[in-house]
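**Q** the amino acid sequence is not available; the structure is as follows:
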């Protein structure tokens, strides 16, 4: 039986898009530590890892899209939507096992044994902030945390999850008004922050949850429009050509934004200032792929991409911490006070990069299949029994 052209439940190509976005973020963090440039002769794609942090916004956009997809089906097809209780339990089952496992491992196997906390006050502040997902509200628990710096993204997601059932209900009743309100909140907060950007707290500003509201809004809008226009619709060849051009245009615009980002005096300020514009470009690419998804399934919806998407959350959680610790512990070994990457030691740089990739993938696979999935299944079984 052939697969339908337009999927509205699990959309295969989203697995590939998510996997690619996270892999580029991973590449960015490994590149920061290794300085290994993707340059061979005249072939130069170093602009990709240099702009890797921008792909976090694609991850946020995808989150908004996927979260709202069942609610969009409810708007268009009249199908049941998740209850607030079910939504929270499913999100908790997906996020909490891996998140808290990583915090505990880092705390008890690294931060405490290595005496990384300057004092007990900061230790408890860091622990409590991460326990309740508010560590991106304070500069020291965000930038100075000893419990894994990339976890700020999880805090942003969880804070949005808390509001999402209400936002989804509003969007179902007043989609344009809700979208406008969320976008306006994101734009105003981004403008205020970008105009007062600088100093030691700039890392706090760039990761402020309010600035991502416009990105989430674009994801929710994309889900609604996608489900609406694909209802009982057969694709025309002329339309497919148009949507392929949309993908190409989006990629060209993304490259232009990346070039502008690299030339901007402050890269983090650029991220705040152009967050909404960047998310629109991502939405253009995403929508074009969705409308021509049958042609992209071979590349984005295959088993390998599904596997990468399945371990992507844990890969994201662990990769940067592993890279930093390997270098800190001098693995692969290096002598002297100057790190080998600063000396241009290519053999070491390649060994280090490959080791980062292997260890991160192994940790992601083990955590996914030994922690995340078993605990998640246990939580969901209890939910089904209650229902």
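**A** Sure, I can see it. Everything quoted here is computed from the prediction, not taken from an experiment.

**Q** going forward, measure contacts between C-alpha atoms and count neighbours the same way
**A** Noted.

**Q** how many other residues sit next to residue 357?
**A** 17 (other CA atoms under 10 Å).

**Q** which residues are in contact with it?
**A** The contact partners of residue 357, taken as CA atoms under 8 Å, 6 or more residues apart in numbering, are residue 319.

**Q** can you give me the helices for the stretch 251-387 of the chain?
**A** Counting by DSSP state H, counting those that start in this stretch, the stretch 251-387 of the chain has helices at residues 267-273, 275-291, 293-300, 303-328, 346-367, 373-386.

**Q** now render those helices as CSV, adding mean pLDDT and distance to residue 207.
**A** Below are the helices of the stretch 251-387 of the chain laid out as CSV (pLDDT from 0 to 100; distance: least, CA to CA, whole Å):
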stretch, mean pLDDT, distance to residue 207
helix 267-273, 90, 8
helix 275-291, 97, 11
helix 293-300, 90, 29
helix 303-328, 97, 16
helix 346-367, 97, 24
helix 373-386, 86, 28
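
**Q** looking at those, which is nearest to residue 55?
**A** Across the helices of the stretch 251-387 of the chain, residue 55 has its closest neighbour in helix 275-291 (9.2 Å, CA to CA).

**Q** just to revisit the earlier point, mind putting the helices of the stretch 251-387 of the chain into TSV with distance to residue 35?
**A** Formatted as TSV, these follow (distance: least, CA to CA, whole Å):
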stretch	distance to residue 35
helix 267-273	18
helix 275-291	26
helix 293-300	29
helix 303-328	12
helix 346-367	8
helix 373-386	35
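
**Q** out of those, flag the one nearest residue 154.
**A** Checked against CA to CA, the stretch from these lying closest is helix 303-328, at 9.0 Å.

**Q** which residues in the chain form strands?
**A** With DSSP state E, the ranges of strands along the chain come out as 39-40, 43-44.

**Q** any idea which of these has the lowest pLDDT on average?
**A** Looking at those, the lowest mean pLDDT belongs to strand 39-40 (a mean of 85).

**Q** what's next to that strand, contact-wise?
**A** 45-46.

**Q** from the chain's centre, how far out does it sit?
**A** 28 Å (CA atoms, centre = their mean, to the nearest Å).

**Q** can you check stretch 171-178 too?
**A** The chain centre lies 25 Å from the centre of stretch 171-178; the measure is CA atoms, centre = their mean.

**Q** again with stretch 254-268
**A** Distance, centroid of stretch 254-268 to centroid of chain: 19 Å (CA atoms, centre = their mean).

**Q** for the strands of the chain, give me CSV that also has mean neighbour count.
**A** Below are these laid out as CSV (neighbours: other CA atoms under 10 Å):
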stretch, mean neighbour count
strand 39-40, 9
strand 43-44, 10
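
**Q** for residue 85, find the nearest of the helices of the stretch 251-387 of the chain.
**A** helix 373-386 (9.5 Å).

**Q** this completes my enquiry, with thanks.
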